[in-house]
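Undergrad: Show me how the following folds:
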Amino acid sequence: MEQILEMQATLFILIFVGFFLKKGGLISNEGQKNLTDLVIYIILPCNILTSFVTGSSEEFLRDGIAILLISVGIQFFCIFYGKLVYRRQSKDRQACLQYGTICSNAGYLGNAIAENAYGPSGLMYASVYLIPQRIMMWSEGLAIYSGTKNRKATIKKVLTHPSIIACELGTILLLTGMTLPAVIMTPLSTIGRCCMALSMIVTGMILTEIHPRSLLDKTLLWYSLNRLVIIPLIVYGVCLLLPISPLARGVSVLLAAMPAGTFTSILALKYDRDPAFATELVIVSTLLSIPAIMVWSMILR
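TA: Next up, the predicted model:
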């Protein structure tokens, strides 16, 4: 629990670094936009590609396939669940809520918690769990924010996006067991490790436009209840019916109980879809995830 609190504290410290950089005038609006593009088009693809480079074993492959299928099911469920539950919200808020329902913060927070709870095996399974989410993040998720109605144009845009290309290359590496030379892997890993820090700093910059009272919005609390309690509870119930190991079940439920991902706010800024509300979504759900993760950790022991 101490390590979980340390991770949560790290998130908020980075957020406040971004807040004070923008509030103090050290970063302009143009600089904020440039940082957003840097994260989306360079740093995130490097992070995604390197995350696919994992070891394998007979046990890992068996449970890995189960987790992959569970994750695919969760993603499709979240698409329809988000559309149903938030259908009465404004279009911009609806986009933020739907994206936040599909794409949680499992990439940073979830990986760390899975490793802390289950060791190296937990981290490997978490990497597999994240494959469908990362693909959905830049397919259905990108379409939600961009509002593109032309499916052909959307598919073309998605397939040529740097993050999807990274997913494609990463999948090839994962399935073939190929490895990249150190001279390539080292710079990719170094750049990718900046993803979490810069993502949270950009989120903090958006925070300068938020009034504290807006954090008490009932919609934010309703979203957090869905993201942190209802969705993982459904996943937990389904997993109990499946012939999978406790480790596979634990990783699936824990990662389903993550708060809104930081790219909920970053993409909202990129496409001008109420970035202030999107940042509130990230902040409030991350705050409430502290007790939620503790409870789920105890249930899954």
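Undergrad: okay, CA-based contacts and neighbour counts for the rest of this
TA: OK.
Undergrad: Tell me where the stretch 151-300 of the chain is predicted with low confidence.
TA: 151-158 (pLDDT under 70).
Undergrad: hmm, try it at 80
TA: The stretch 151-300 of the chain contains residues with pLDDT under 80 at 151-161, 163-164, 167-168, 170-171, 174-178, 196, 203, 206-207, 209-216, 290.
Undergrad: Which stretches in it count as helices?
TA: Taking DSSP state H, counting those that start in this stretch, the helices of the stretch 151-300 of the chain run over residues 151-159, 162-176, 182-192, 195-207, 218-225, 231-241, 246-256, 263-270, 275-299.
Undergrad: Redo these as TSV? Include distance to A66.
TA: Converted to TSV, the helices of the stretch 151-300 of the chain look like this (distance: least, Cα to Cα, whole Å):
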stretch	distance to A66
helix 151-159	26
helix 162-176	16
helix 182-192	27
helix 195-207	28
helix 218-225	27
helix 231-241	10
helix 246-256	8
helix 263-270	27
helix 275-299	21
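Undergrad: Now mean neighbour count and distance to I102 too, for those, in a markdown table please.
TA: Below are the helices of the stretch 151-300 of the chain laid out as a markdown table (neighbours: other Cα atoms under 10 Å; distance: least, Cα to Cα, whole Å):
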| stretch | mean neighbour count | distance to I102 |
| --- | --- | --- |
| helix 151-159 | 14 | 16 |
| helix 162-176 | 18 | 16 |
| helix 182-192 | 14 | 22 |
| helix 195-207 | 25 | 18 |
| helix 218-225 | 18 | 12 |
| helix 231-241 | 16 | 11 |
| helix 246-256 | 23 | 10 |
| helix 263-270 | 25 | 10 |
| helix 275-299 | 20 | 13 |
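Undergrad: between these, which one is nearest to G119?
TA: Among the helices of the stretch 151-300 of the chain, the nearest to G119 by Cα to Cα is helix 246-256 (10.3 Å).
Undergrad: right, so of the helices of the stretch 151-300 of the chain, which gets closest to L130?
TA: helix 246-256 (8.8 Å).
Undergrad: what's in contact with the closest one?
TA: Residues outside helix 246-256 that contact it (Cα atoms under 8 Å, 6 or more residues apart in numbering) are 63-64, 66-67, 70-71, 74, 104, 106, 110, 113-114, 118, 122, 125-126, 129, 227-228, 231-233, 235-236, 239-240, 293, 296-297, 300.
Undergrad: go on, stretch 277-288?
TA: 8, 93, 96-97, 100, 203, 206-207, 210, 214-215, 220-221, 223-224, 227-228, 259-262, 264-265, 268.
Undergrad: same check, this time on stretch 100-107
TA: Contacts of stretch 100-107 (Cα under 8 Å, 6+ apart): 75, 78-79, 82, 130, 133-134, 136-137, 141, 227, 255-256, 258-262, 264, 281.
Undergrad: Work out the gap between that stretch and the centre of the chain.
TA: Distance, stretch centre to chain centre, for stretch 100-107: 4 Å (Cα atoms, centre = their mean, to the nearest Å).
Undergrad: end to end, how far does stretch 260-279 reach?
TA: 9 Å (Cα to Cα, to the nearest Å).
Undergrad: give me the element the residue nearest to V72 when sequence neighbours are not counted is part of.
TA: Spatial nearest neighbour of V72, excluding adjacent residues (Cα to Cα, 6 or more residues apart in numbering): P132 at 5.7 Å. Assigned by DSSP states H and E, P132 belongs to helix 111-137.
Undergrad: Appreciated, that's everything.
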